[in-house]
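S.K.: fold the stuff below for me.
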Amino acid sequence: MPRGKAAKLWGVCVPDLPGKNAIEVRGVRKVFGAGEAQIAALDSVSVSIRENEFFTLLGPSGCGKTTLLRLIAGFDFPSEGEILLYGDDIAPLPPFKRPVNTVFQSYALFPHMTVAENIGFGLEMLGKPKAEIGARVAAMLKLVKMEQLAKRRTSQISGGQQQRVALARALAPQPKVLLLDEPLSALDYKLRKEMQIELKRLQNETGITFIFVTHDQEEALAMSDRIAVMSSGKILQVGSPWDIYDRPAVRFVADFIGETNFLDAEVVSVSGDRATVKLSSGSAIKATFPAGTMPAGKVTIVVRPEHAEVMPAGARAPVLGGIIENIVYLGTDTHFHVKLADGPPFIVRQQNSKSGPCGFDKGENVGIEISSDVAQILKD
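M.R.: Have a look, this model is predicted:
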């Protein structure tokens, strides 16, 4: 749904106010256990999630992302800090008093009920009139494109269809925020890709804030307006998919999101938001750096594999030079694993725009060219 316009949510006009926060997490800490056995699952986490945003909490298992989701849902309570929903503190409220719904990894559908009965179950528990329930269920069936399966039991439909029912059931009471705890992890690869598109469509059409938890980097990049990368109970970086992938601020983010190359360098000069750095090969290149920092001395830079190019040795003065150790053909592109003459292994990913062999051989001396302004200096 376009920003700055009003969304029509099942017949109700919901204003879209640019920049308005749906959720604010302020200095939240969550501790489990006591004494020496005490473990901080979340350590002073603060983040703002905008209205009508598809926001993803991304990180490895045990990083605290599901704990944070549970605190927003009300299934657990913070040890310290505040959780605000449209400015109101909801941290002390139980789940049933929060205008928030959750879609779980297991879907938790009732197998003895039909699709329509599952979708309407929450509305019945809220004591809604039968006519309203019927109209809302019909709207939800249309939204998730399952009108033809309304009378079928959920034990008789596929995994992808079950996931749609779970989404429809969670959306039926018109929550202000929808929480999704790795709901695609049980699906096969092709169906998971299809459901990524469906989830984004549903979020756009309803105008509801989605908070999505996943450990899948590709999934997060494909679906999100913004991503928070978490590790060890902390949020390390928040930004758009482009920010997170192309402008990682710290080594963990750069390493966790896709493949990357790390190079040692030394800052020669800084002008505006760009720095000139000298590599161990002696070549100098331009590099960006995280906002609020001023790089100096020895630094680590990152270069994504697709931002570099392999070229024949001697073709022109390369930024780096080395020997091809391995060539991996992946259909759409080819990966070259190059042992640098003066550094660690370096991966180059080149798209296969033409049919036929790549033109290079294992053991061949090659140069590596790095595209302008693609290197990023890390904080650590």
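S.K.: surely Gln162 is within a strand?
M.R.: No. Judged by DSSP: H, G, I helix; E, B strand; the rest coil, Gln162 forms no part of a strand; its state is helix.
S.K.: who are the contact partners of it?
M.R.: Neighbour list for Gln162: Tyr107, Leu109, Thr154 [criterion: Cβ atoms under 8 Å, 6 or more residues apart in numbering]. Using the backbone N, CA and C atoms, a C-beta is placed for each residue, glycine as well.
S.K.: and the nearest residue to the first one once chain neighbours are set aside, backbone torsions?
M.R.: Read that as Tyr107. Nearest non-adjacent residue to Tyr107, counting by Cβ to Cβ, 6 or more residues apart in numbering: Ala166, 4.2 Å away. For Ala166, the backbone dihedrals are phi -60, psi -40 (criterion: degrees, to the nearest 10).
S.K.: do the same with Val28
M.R.: The phi/psi pair for Val28 (degrees, to the nearest 10) is phi -80, psi 130.
S.K.: and the pLDDT at it?
M.R.: Per-residue confidence for Val28 comes out at a pLDDT of 96.
S.K.: since we're on the residue nearest to Tyr107, how many residues are nearby?
M.R.: 24 (other Cβ atoms under 10 Å).
S.K.: surely it meets Gln105?
M.R.: No. Judged on Cβ atoms under 8 Å, Ala166 makes no contact with Gln105 at a distance of 9.9 Å.
S.K.: now the common contact residues for those two.
M.R.: With Cβ under 8 Å, 6+ apart, Ala166 and Gln105 have common neighbours Pro183.
S.K.: returning to that earlier point: could I get the contacts of Gln162 as a markdown table with pLDDT?
M.R.: What follows is the contacts of Gln162, written out as a markdown table (pLDDT from 0 to 100):
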| residue | pLDDT |
| --- | --- |
| Tyr107 | 76 |
| Leu109 | 87 |
| Thr154 | 89 |
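S.K.: now the buried members of these.
M.R.: Burial by neighbour count, 16 or more other Cβ atoms under 10 Å: within the contacts of Gln162 this picks out Tyr107, Leu109, Thr154.
S.K.: which strand or helix spans the second one?
M.R.: Put plainly, it is Leu109. Using DSSP states H and E, Leu109 is not contained in any helix or strand.
S.K.: gap between the residue nearest to it when sequence neighbours are not counted and Leu202?
M.R.: Leaving aside its chain neighbours, Leu109 sits nearest to Thr154 (4.4 Å; criterion: Cβ to Cβ, 6+ apart). Using Cβ to Cβ, to the nearest Å, Thr154 is found at 19 Å from Leu202.
S.K.: near Gly282, how many other residues are there?
M.R.: Neighbour count for Gly282, taken as other Cβ under 10 Å: 8.
S.K.: got it, and Met223?
M.R.: Other residues close to Met223 by other Cβ under 10 Å number 23.
S.K.: ok, Val177 next?
M.R.: 24.
S.K.: how close does it sit to Asn21?
M.R.: 11 Å.
S.K.: ok, Gln376 - contacts?
M.R.: Asp246, Arg247, Pro248, Ala254, Ala287, Thr288, Phe289, Ile301, Val302, Val303.
S.K.: okay if I get the residues you listed as JSON lines plus neighbour count and distance to Met140?
M.R.: JSON lines is the format used below for those (neighbours: other Cβ atoms under 10 Å; distance: Cβ to Cβ, whole Å):
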{"residue": "Asp246", "neighbour count": "16", "distance to Met140": "38"}
{"residue": "Arg247", "neighbour count": "18", "distance to Met140": "39"}
{"residue": "Pro248", "neighbour count": "26", "distance to Met140": "39"}
{"residue": "Ala254", "neighbour count": "25", "distance to Met140": "41"}
{"residue": "Ala287", "neighbour count": "24", "distance to Met140": "50"}
{"residue": "Thr288", "neighbour count": "17", "distance to Met140": "45"}
{"residue": "Phe289", "neighbour count": "23", "distance to Met140": "47"}
{"residue": "Ile301", "neighbour count": "25", "distance to Met140": "49"}
{"residue": "Val302", "neighbour count": "22", "distance to Met140": "44"}
{"residue": "Val303", "neighbour count": "25", "distance to Met140": "47"}
